[in-house]
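Enquirer: Here's my sequence, what's the structure:
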Amino acid sequence: MPPVTPGFDDADIPRAGQITAAATAFAALFSAVGIGLYGLTFFYDFFVKDYGWTRQQVTSGNAYAKLLIGPLFGYLAGYLIDRYGPRRLLLVGILMAGGAMVGLGYVSTLAAFYVCYLFNALGYVFGGPLPVQVLLSRWFTRARGKAMGFAYLGIGIGGTVVPGLAYWLTSTFGWNRAMQVLGLLMITIAWPLAWLVKDAPPSYRAAAPGSAAATTPLGEVLRTPAFYLLLVGSMCSIGAVGGTMQNLKLYLSLDHPYGQGEIARILSLVLAGSILGRLLMGWLADRWARKHVMLLIYVIVAASIPLLLLADSWTMLHLFALLFGIGLGGDYMIIPLMAADLFGVQRLGRVMGFVLTADGIAEAVSPMLVAGLRDRMGTYRPGFLLLMGLAAVGAAAVALLPQKKAH
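Expert: The predicted model follows:
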């Protein structure tokens, strides 16, 4: 049985508050990640075709923005969450993420493209996984794995729905207007729930501003090997996942003769597989040692990427989509669960601020690197092999993690 946060239990927490927290987390991830991250990749090939930009330029918006925003704001966001709670950051982040998508529907220059991506990255930091993970860790104890799995379904469902929705909107109104509609949809879905949710239940004694949550020393965490193993493992796997997803539409649209409707179905299958992955891995995380669940997820990611080299086969492409989706589904979800087990909930905002900043750098650099290799070498093979190696290194780092709390 995974460890329980001392001081309070699920029986002490209002059920209505748990439902609101879970719904808010689901909606925020649906918007900021399902649409704001994965939905944007559907439009990459339009920027290439209509504006003549290279693959590397199109993927560089996400890269440069996260390389700038992550180091500047990642730890700050974690500190603010530990001190003031996640709700305020969610409200700001959701507006930024939705506004960035609306803005991208208007841009026609690289400079404006990069500005919008800066706000997209800020929206991801303030309105995405970091505040959601802390919110759920405060509202749930024994059922934390299932709660995290449910919330991360928002990414899967958002990513499953958005390719078909984006395809229909693009066919009906054009791709620019489609992006604007999706941005407004993000705000409409997530912002009202973020307004209603509470930062923590009354029984969470460290929830008040200026409390122990913000003053619990972090130095001992930074001196443990487990922190750096978690950092390296998550960076490598997130880099592999991000590099694959950010290049998938470009690969299938420009390097293979697949139509927009066929690609939309493949992208939806990947994110549908992620729904299965989140449910399965969330269930396992409440029953198995979370280290073992994390290792299983990373092995699945590493094993699925080589199947992309057989994308000429419709069967292999579908097999890739399903397996990769399962790994994708568990990847982001398992990291905060493992961090909470190793370092406790009171420091989770700051710990995940470090981890998500590092993950954001990996997720930013790997897609641009893979796209740049494709532009120079005329094939995605070297890039995909690089991503497979990254995932394997991540699995090796996780295998060295302790199963119990690091001291």
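
Enquirer: C-alpha only now, for contacts and for neighbours.
Expert: Will do.

Enquirer: low-scoring pLDDT stretches of this structure, where are they?
Expert: Of all residues in the chain, those with pLDDT under 70 make up the ranges 1-12, 203-217, 404-407.

Enquirer: residues in contact with the nearest residue to residue 250 once chain neighbours are set aside?
Expert: Spatial nearest neighbour of residue 250, chain neighbours left out: residue 45 (5.8 Å); criterion: Cα to Cα, 6 or more residues apart in numbering. Contact partners of residue 45, counting by Cα atoms under 8 Å, 6 or more residues apart in numbering, are 249-250, 253-254.

Enquirer: Which of these are buried, as a ChimeraX select command?
Expert: Selecting only the buried entries of the contacts of residue 45 in ChimeraX, with 16 or more other Cα atoms under 10 Å as the criterion:
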select :249,250,253
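
Enquirer: export the contacts of residue 45 to a markdown table and tack on distance to residue 90?
Expert: Converted to a markdown table, the contacts of residue 45 look like this (distance: Cα to Cα, whole Å):
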| residue | distance to residue 90 |
| --- | --- |
| 249 | 29 |
| 250 | 31 |
| 253 | 34 |
| 254 | 36 |
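
Enquirer: mind checking how far the residue nearest to residue 250 is from residue 249?
Expert: Shown here: residue 45 relative to residue 249, a distance of 7 Å by Cα to Cα, to the nearest Å.

Enquirer: Please give me every residue in contact with residue 150.
Expert: 22, 26, 278-279, 282.

Enquirer: let me fix that: residue 122
Expert: Contacts of residue 122 were listed using Cα under 8 Å, 6+ apart, and they are 69, 73, 93, 96-97.

Enquirer: re the thing from before, which element is the residue nearest to residue 250 on?
Expert: helix 44-51 (DSSP states H and E).

Enquirer: next SSE after that helix?
Expert: Read in the C-terminal direction, the helix or strand following helix 44-51 is helix 55-84, with elements assigned using DSSP H and E.

Enquirer: re earlier: format the contacts of residue 45 as TSV; extra columns: distance to residue 155 and secondary structure.
Expert: Listed next are those as TSV, based on distance: Cα to Cα, whole Å; DSSP: H, G, I helix; E, B strand; the rest coil:
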residue	distance to residue 155	secondary structure
249	18	helix
250	21	helix
253	23	helix
254	26	helix
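
Enquirer: which of the contacts of residue 45 lies closest to residue 342?
Expert: The shortest gap between residue 342 and any of the contacts of residue 45 belongs to residue 249, at 36.9 Å (Cα to Cα).

Enquirer: so how far is residue 61 from the closest one?
Expert: From residue 249 over to residue 61 the distance is 16 Å, taken as Cα to Cα.

Enquirer: secondary structure class for residue 26?
Expert: helix (DSSP: H, G, I helix; E, B strand; the rest coil).

Enquirer: Flag every buried residue along the helix holding residue 45.
Expert: For helix 44-51, the neighbour count (16+ other Cα under 10 Å) marks 44-48 as buried.

Enquirer: can you tell me which of those residues lies nearest to residue 241?
Expert: Distance to residue 241, by Cα to Cα, is smallest for residue 44 among the buried residues of helix 44-51, at 17.1 Å.

Enquirer: Secondary structure class of residue 248, three-state.
Expert: Using three-state DSSP, the three-state assignment for residue 248 comes out as helix.

Enquirer: which residues sit in contact with residue 28?
Expert: Residue 28 sits in contact with 90, 94, 127-128, 132, 154, 190-191, 194, where contact means Cα under 8 Å, 6+ apart.

Enquirer: which non-adjacent residue is nearest residue 61?
Expert: Here the residue nearest residue 61, using Cα to Cα, 6+ apart, is residue 114, at 5.3 Å.

Enquirer: Could you list the buried residues of the helix or strand hosting that neighbour?
Expert: In the assignment (DSSP H and E), residue 114 maps to helix 110-127. In terms of neighbour count (16+ other Cα under 10 Å), helix 110-127 has its buried residues at 113-127.

Enquirer: following it, which helix or strand shows up next?
Expert: The element immediately downstream of helix 110-127 (helix or strand, assigned by DSSP H and E) is helix 129-139.
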